[in-house]
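sequence unknown, structure follows:
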């Protein structure tokens, strides 16, 4: 009568088979990572290596490199191992993040300088507010609120364009309405630009529109906050 192996023996066999498979898989993965591949064909190489097991972060790095059309032109060599490609792609990603951070910081610094200059030179006022009811004879088929703005440059440089936020407050300092404006110049030093009225499609269901329509301009405080601008070169 045959003797069945004990449970520890079966467990040991299963463990051995698992270790053997893991070793083979690791050896295959190591061999794949060490194989030199043409950088121009990285995408097809990855598609042919579906069985290659990689950490999620490494797989994402390789996929991002393959999707980058300029990757092959920037790569240091025509053929590289997957390991080298991973290392180089990570370094490139870090360099790109650093460059974007520096660029963002430089742009914020530029905008801060522009805002400070605009705050000291640009005066924005609302010269008129009106309600325009619909009038089919005037080809106006909806109700509108119109706002007329004037911009004065009290500085020494011409402002080619600027943008910012205008906010209407009531007598208690609560916000009635706010909007973002973009204005094209040029607005020369000492000059005032009055543009055509800007219109807002009136929605009677919006409280902000109701208050903007019904509150007299004389009882509102208007605050302008510049966000960016372009000055003419001297």
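On my side now, so go ahead. A quick note: this is a predicted structure, and the numbers were derived from the prediction, not measured.

From here on, just use CA atoms for contacts and neighbour counts.
Fine.

center of the chain - which residue?
residue 104 (11.1 Å; Cα atoms, centre = their mean).

check which helix or strand covers that residue.
helix 82-121 (DSSP states H and E).

model confidence over that helix, on average?
Averaging pLDDT along helix 82-121 yields 85.

Give me the distance between whichever helix or strand comes after that helix and the centre of its chain.
Past helix 82-121, further along toward the C-terminus, the next helix or strand under DSSP H and E is strand 122-132. Centre-to-centre, strand 122-132 and its host chain are 32 Å apart (Cα atoms, centre = their mean, to the nearest Å).

I'd like to know which elements the helix or strand just after strand 122-132 is packed against.
Sequence-wise, the next helix or strand downstream of strand 122-132 (DSSP H and E) is strand 144-153. For strand 144-153, the elements it packs on are strand 122-132, strand 192-194, strand 198-201, judged by 3 or more Cα pairs under 8 Å, 6 or more residues apart in numbering; DSSP states H and E.

ok, back up a step: just the buried residues of the helix holding residue 104, please?
82-83, 85-86, 88-90, 92, 111, 114-115, 117-118, 121 (16 or more other Cα atoms under 10 Å).

ok, now stretch 193-213?
193, 197, 199, 202, 208-209, 212-213.

tell me the secondary structure for the closest residue to residue 178 other than its chain neighbours?
Leaving out its chain neighbours, the residue that sits closest to residue 178 by Cα to Cα, 6 or more residues apart in numbering is residue 167, at 4.2 Å. With DSSP: H, G, I helix; E, B strand; the rest coil as the basis, the three-state label of residue 167 is strand.

What is the neighbour count of residue 167?
Residue 167 is flanked by 16 other residues according to other Cα atoms under 10 Å.

Could you verify my assumption that it touches residue 174?
No: in this structure, residue 167 is not within contact of residue 174 by Cα atoms under 8 Å, at 10.1 Å.

distance between the ends of stretch 133-153?
Stretch 133-153 has an end-to-end distance of 34 Å (criterion: Cα to Cα, to the nearest Å).

any idea how far the residue nearest to the centre of the chain lies from residue 163?
Counting by Cα to Cα - residue 104 and residue 163 are separated by 19 Å.

Residue 75 now?
41 Å.

Let me know whether my guess that residue 177 is in a strand holds.
Yes: the assignment for residue 177 by three-state DSSP puts it in a strand.

When residue 75 and residue 163 are compared, which one has more neighbours?
Neighbour totals were compared for residue 75 and residue 163, and residue 163 leads with 19 against 16 (other Cα under 10 Å).

Stretch 220-227: how far from the chain's middle?
With Cα atoms, centre = their mean, you get 25 Å for stretch 220-227.

sorry, that was for stretch 75-83
From the chain centre to the centre of stretch 75-83 is a distance of 32 Å (Cα atoms, centre = their mean).

now stretch 131-146
37 Å.

got the buried residues for it?
Quick answer for stretch 131-146 (16+ other Cα under 10 Å): 131-132, 143-146.

Pull the most distant pair out of these.
143 and 146 (9.9 Å; Cα to Cα).

Need the overlap of contacts for these two.
Contact with both residue 143 and residue 146 is made by residues 131-132, according to Cα atoms under 8 Å, 6 or more residues apart in numbering.

ok so, going back, okay, the helices and strands packed on strand 144-153 in CSV with distance to residue 97 next?
Shown next, in CSV, are the helices and strands packed on strand 144-153 (distance: least, Cα to Cα, whole Å):
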stretch, distance to residue 97
strand 122-132, 36
strand 192-194, 42
strand 198-201, 41
